[in-house]
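Trainee: A predicted structure for the sequence below; I have some questions about it.
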Amino acid sequence: MKNTRQIVIPGEEIVSGNEFLPGEGAYRDGEAVVAERFGIANISEKHVRVVPVSGAYYPRRGNTIIGTIVDITFNGWLIDFGGAQNAFLPVSEVPRYINRNELRDFLDFGETVIVKVWDVKSRGTDASMKMRGFGKIEGGLILNVGPNKVPRIIGKEGSMVKMIKGATGCSITVGQNGKVWIKGTIEGELATKKIIEFIVENATIAGLTEKVEKFITGLGMKIEEVEAIAEDTDVEEENTEGDKE
């Protein structure tokens, strides 16, 4: 078989037959080879793999994501987070009891939330907001930065986002799906926005931390250490196995 390519979503059958060997981004389900992430299926001879589309986000267990309520069912909410499928937030995964006919009073259409991915299945993504630091977003700014830039914004063990917080005094939550929530004074929010945009524009260059430090001081701010990231929701650089708390 010559090389073939097609766009696939998680859970979609790519090809069937025991002679095909699943590679990166694919797995076997019976005789079928199935995509485990959104991307381009590459079938070369008998080898099948899924190459992620540049900038695309596919959820992993333990990720923090930021999204918008787009539908309400009898037992929960559907959240658009920019993935191939919406995430589902069950009524059982919010921090207090909600009567099933009062779901809109708690979270309504168009409202933005921070949730944690606690399971990824072929049918979709399940989310929770029971943990501290997760819930509805009120006030502040939301930036769209692209999922592939998230590790640079967070930095090693949260070092970059800590530096930004220390300089601006803002609360910052970085979603692995490429959305960043900033909340603080108007001046602090605008400064944080400029710093993050600088990081995104220069994400591929070496010595980024030093360049960001100079950019911050150039804005007239001091580099200050902060003891901890607020709620620890914005330092999960690559947590793929985090359990629901």
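Mentor: Everything's here; your move.
Trainee: any low-confidence regions in this structure?
Mentor: Low-confidence segments of the chain (pLDDT under 70): 1-5, 51-55, 225-245.
Trainee: May I have the secondary structure class of residue 10?
Mentor: coil (DSSP: H, G, I helix; E, B strand; the rest coil).
Trainee: and if you look at residue 188?
Mentor: What three-state DSSP gives for residue 188 is helix.
Trainee: From residue 21, how far out is it?
Mentor: 52 Å (C-beta to C-beta, to the nearest Å). In short, each C-beta sits where N, CA and C put it, glycine included.
Trainee: Between those two, point out the one with more neighbours.
Mentor: residue 188 (19 against 13; other C-beta atoms under 10 Å).
Trainee: My guess is that one contacts residue 168. True?
Mentor: Yes. Between residue 188 and residue 168 there is a contact under C-beta atoms under 8 Å: 4.3 Å.
Trainee: Now do the end-to-end distance for stretch 122-135.
Mentor: This stretch, stretch 122-135, spans 25 Å end to end (C-alpha to C-alpha, to the nearest Å).
Trainee: Using the record's assignment, carve the chain into domains.
Mentor: Per automatic domain parsing, the structural domains of the chain span 4-52, 64-136, 141-232.
Trainee: contacting residues for residue 79?
Mentor: If you count contacts by C-beta atoms under 8 Å, 6 or more residues apart in numbering, residue 79 has them with 65, 67, 68, 69, 70, 86, 87, 88, 89, 113, 115, 127.
Trainee: mind putting those in JSON lines, distance to residue 164 and neighbour count included?
Mentor: Shown next, in JSON lines, are the contacts of residue 79 (distance: C-beta to C-beta, whole Å; neighbours: other C-beta atoms under 10 Å):
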{"residue": "65", "distance to residue 164": "20", "neighbour count": "25"}
{"residue": "67", "distance to residue 164": "23", "neighbour count": "24"}
{"residue": "68", "distance to residue 164": "24", "neighbour count": "18"}
{"residue": "69", "distance to residue 164": "28", "neighbour count": "21"}
{"residue": "70", "distance to residue 164": "30", "neighbour count": "13"}
{"residue": "86", "distance to residue 164": "30", "neighbour count": "20"}
{"residue": "87", "distance to residue 164": "27", "neighbour count": "22"}
{"residue": "88", "distance to residue 164": "32", "neighbour count": "20"}
{"residue": "89", "distance to residue 164": "28", "neighbour count": "25"}
{"residue": "113", "distance to residue 164": "23", "neighbour count": "22"}
{"residue": "115", "distance to residue 164": "23", "neighbour count": "28"}
{"residue": "127", "distance to residue 164": "26", "neighbour count": "30"}
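Trainee: can you tell me which of those residues lies nearest to residue 134?
Mentor: residue 115 (5.8 Å; C-beta to C-beta).
Trainee: give the contact list for the residue lying closest to that closest one once chain neighbours are set aside.
Mentor: Closest residue to residue 115 apart from its sequence neighbours, by C-beta to C-beta, 6 or more residues apart in numbering: residue 127 at 3.9 Å. Residue 127 makes contacts with 65, 79, 87, 88, 89, 93, 115, 116, 117, 118, as judged by C-beta under 8 Å, 6+ apart.
Trainee: go on, residue 59?
Mentor: 65, 81, 83, 87, 117, 120, 125, 176, 177.
Trainee: Ok, residue 10 next?
Mentor: Counted by C-beta under 8 Å, 6+ apart, residue 10 has contacts 35, 36, 37, 38, 58, 84, 85, 120, 122.
Trainee: okay, now the fourth one: neighbour count?
Mentor: Residue 38 is flanked by 21 other residues according to other C-beta under 10 Å.
Trainee: Kind regards, and thank you for your time.
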